[in-house]
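>>> Sharing a model that was predicted from the sequence below.
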Amino acid sequence: MAPVKLSVIVPVYNALSFVANCLDSVLAQGLPNMEILCIDDGSTDGSAAILDDYAARHPALCRVEHRANGGASVARNAGLDACRGQYIAFVDADDWIAPDFLGRLLDLALRHDLDMAHGNGIFHFEGRQADYPIYALDLPPDVMPGREAMRRRLGKRAFLHYPVLQVYRRAFVERVGLRFIPGRLHEDVLWTTQAFLQADSVAYDGQPGYFYRRQPRTAPATAEGRDAALRDQIESAAANAVGLSELMATIAGDAELHRLMGWQVVDGALSIFHMLPRIAAPGLKRQVYRQLRATGFFGLLWRHAVDAAQRRRIAKTWLRSWFS
């Protein structure tokens, strides 16, 4: 049996309306020596049966693993543990890809012996508004270290966290120990940052080929449910800020990139300041404020702030935390 060149990991949770279109688009790549790993994360809507049907019809390509629901991070990690390819890609079950997307990235990776081939996509709004490219500002096509690609993106404040836009050398993923953090919302932030920081060689293909479906968000029906969701988002965003700060310690000798990452840490964490006033229960709001103070969150942001505007936002919210 020929060695697998590309493993495509598809985590699936209740994607009945989209998963067949997703898998059809992956199969349409027509790549030799490809495997598709479908990780069913405890779906309850019939998605699991669709996956089994695809595996039965395409036994040389598709494998399915059914698991209890554990979240996107656990599902992706299960795919990483089971894959056999020289390179790895992710496709989310509610998205789809152009017929040549993975082929172009894999060819780029193989031609230049890359740790990571960096691609582009389209935000798709299902007619609610016009679609547009995920990355409008392109990198040059040169091979470069991942941190240089990250520096250029951050310099234009256009570094985004989408693991699905890259093809990764599996040996690189294992050497670095890249895994998604279970239970963490916005789990892509640390993965993407660590991957770019540690990749020795990256090249970019700016032709959009990944179609990222932007679906309207539905809020929980009750005030208690909305508050719980806000608390979870705040805790994950704060944990990501801590994780990014720890990654910054690995580049302390690169003053420019350190400053650019500092801006990103604070800018991303400022989303917390928008969420805090939306917590309806006064007791929960006070508890979250106390937790942020006790963990040193405000001090972390203050240390990484790069301009007066960021420091004003931090100081204003820190003061409000004592009186809310």
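Cool, the structure landed. Residues are numbered from 1 along each chain as shown.

>>> residue ranges for the strands of the stretch 1-150 of the chain, please.
6-12, 34-41, 62-67, 87-90, 96-97, 116-124, 132-133 (DSSP state E, counting those that start in this stretch).

>>> Provide the strand pairings for the longest one, with the direction of each partner.
Read that as strand 116-124. Strand partners for strand 116-124, identified by DSSP bridges, are recorded as strand 132-133 (antiparallel), strand 166-169 (antiparallel), strand 202-213 (parallel).

>>> returning to that earlier point: nearest approach to G262 belongs to which of the strands of the stretch 1-150 of the chain?
With respect to G262, and counting by Cβ to Cβ, the nearest of the strands of the stretch 1-150 of the chain is strand 116-124 at 22.9 Å. For glycine as for every other residue, the C-beta is placed from the backbone atoms N, C-alpha and C.

>>> residues of the closest one that come out buried?
M116, A117, H118, G119, N120, G121, I122, H124 (16 or more other Cβ atoms under 10 Å).

>>> which residues sit in contact with the closest residue to R104 other than its chain neighbours?
In space, and not counting its chain neighbours, R104 is closest to D205: 5.4 Å by Cβ to Cβ, 6 or more residues apart in numbering. Residues in contact with D205 (Cβ atoms under 8 Å, 6 or more residues apart in numbering) are R104, L105, L108, A117, H118, G119, N120, P141.

>>> now do L16
Counting by Cβ under 8 Å, 6+ apart, L16 has contacts S43, D45, G46, S47, I50.

>>> L139 now?
Contacts of L139 (Cβ under 8 Å, 6+ apart): H118, A149, R152, R153, Y204, G206.

>>> Please repeat the previous calculation with a cut-off of 6 Å.
A149, R152, Y204 (Cβ atoms under 6 Å, 6 or more residues apart in numbering).

>>> Tell me which residue is most central in the protein.
Note on the chain: the residue nearest the mean C-alpha position is D188, at 2.5 Å, using Cα atoms, centre = their mean.

>>> What's the local residue count around the closest residue to that residue other than its chain neighbours?
Distances taken as Cβ to Cβ, 6+ apart place H161 nearest to D188, at 4.3 Å, with adjacent residues excluded. When neighbours are defined as other Cβ atoms under 10 Å, H161 has 18 of them.

>>> now swap in P145 and tell me
16.

>>> which one is it nearest to, not counting chain neighbours?
Of all residues not flanking P145 in the chain, D200 sits nearest, at 6.1 Å (Cβ to Cβ, 6+ apart).

>>> what's the answer for T192, then?
Nearest to T192 is H161, by Cβ to Cβ, 6+ apart, at 4.2 Å.

>>> Now name the helix or strand holding the one you found.
Applying DSSP states H and E as the criterion places H161 outside every helix and strand.

>>> what separates it from L27, distance-wise?
Separation of H161 from L27 (Cβ to Cβ, to the nearest Å): 27 Å.

>>> What strand or helix carries the nearest residue to A241 once chain neighbours are set aside?
Distance criterion Cβ to Cβ, 6+ apart; nearest residue to A241, sequence neighbours excluded, is A269 at 4.3 Å. Following DSSP H and E, one finds A269 within helix 255-275.

>>> Pull that helix out as CSV, backbone CA atoms only.
The C-alpha trace of helix 255-275 is given here as CSV (Å, rounded to 0.1, in the frame of the first residue of the first chain):
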residue,chain,number,x,y,z
ALA,A,255,11.5,43.0,20.1
GLU,A,256,9.4,43.9,17.0
LEU,A,257,7.4,40.6,16.9
HIS,A,258,7.0,40.7,20.7
ARG,A,259,5.4,44.2,20.5
LEU,A,260,3.2,43.1,17.6
MET,A,261,2.0,40.1,19.5
GLY,A,262,1.4,42.2,22.6
TRP,A,263,-0.9,44.4,20.6
GLN,A,264,-2.8,41.2,19.4
VAL,A,265,-3.0,39.9,23.0
VAL,A,266,-4.6,43.0,24.2
ASP,A,267,-6.8,43.6,21.2
GLY,A,268,-8.2,40.1,21.4
ALA,A,269,-8.8,40.3,25.1
LEU,A,270,-10.6,43.6,24.8
SER,A,271,-13.6,41.5,23.5
ILE,A,272,-14.0,40.6,27.2
PHE,A,273,-14.7,44.2,28.0
HIS,A,274,-17.6,44.2,25.6
MET,A,275,-19.1,41.0,27.1
